[in-house]
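Undergrad: need a structure here:
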Amino acid sequence: PWGGFVTSYARGSFYPGVFQFGLELSCARLPPGRPPARVAVLTARAVEFKALLEIKQSSKLCVRYRDAAQRRLRAPWGV
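TA: Modelled structure (predicted):
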């Protein structure tokens, strides 16, 4: 396979633990009571496709980040 492509997971699936990992990075070294920084999703896609690639709050990605926060923080967090 080409470099950078992972064939172990189906297209559109997420790596196990990726949402929890992102949350833990955002929570690292925070003072008590301070909410973690939200996640910024970066892409190398062409700017011409920006409107088509916009990540909506109802997307699987956003929902999974929110679920991770609810399990750990019991508070809103995500993209």
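Undergrad: helix or strand with the lowest mean pLDDT in the chain?
TA: Lowest by mean pLDDT, DSSP states H and E among the helices and strands of the chain is helix 50-53, with a mean of 72.
Undergrad: so where's this structure uncertain?
TA: 1-6, 43, 45-46 (pLDDT under 70).
Undergrad: switch to 50 and redo it
TA: Where the chain drops to pLDDT under 50, the residues are 1.
Undergrad: which residues in it form helices?
TA: Remark: helices assigned in the chain by DSSP state H are 18-27, 50-53, 60-72.
Undergrad: adding distance to R38 and mean neighbour count, write these out as a markdown table.
TA: Where C-beta positions appear, they are placed from N, C-alpha and C, glycine not excepted. Below are these laid out as a markdown table (distance: least, Cβ to Cβ, whole Å; neighbours: other Cβ atoms under 10 Å):
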| stretch | distance to R38 | mean neighbour count |
| --- | --- | --- |
| helix 18-27 | 8 | 16 |
| helix 50-53 | 18 | 9 |
| helix 60-72 | 9 | 16 |
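Undergrad: those helices: which one's closest to R34?
TA: helix 18-27 (9.4 Å; Cβ to Cβ).
Undergrad: and that closest one, what does it pack against?
TA: helix 60-72 (3 or more Cβ pairs under 8 Å, 6 or more residues apart in numbering; DSSP states H and E).
Undergrad: what's the helix it packs on in contact with?
TA: By Cβ atoms under 8 Å, 6 or more residues apart in numbering, the residues outside helix 60-72 that reach it are 12, 14, 19-20, 22-23, 27, 39, 41, 55-56, 75-79.
Undergrad: ok, stretch 22-31 next?
TA: P36, A37, R38, V39, Y65, A68, A69, R72, L73, W77.
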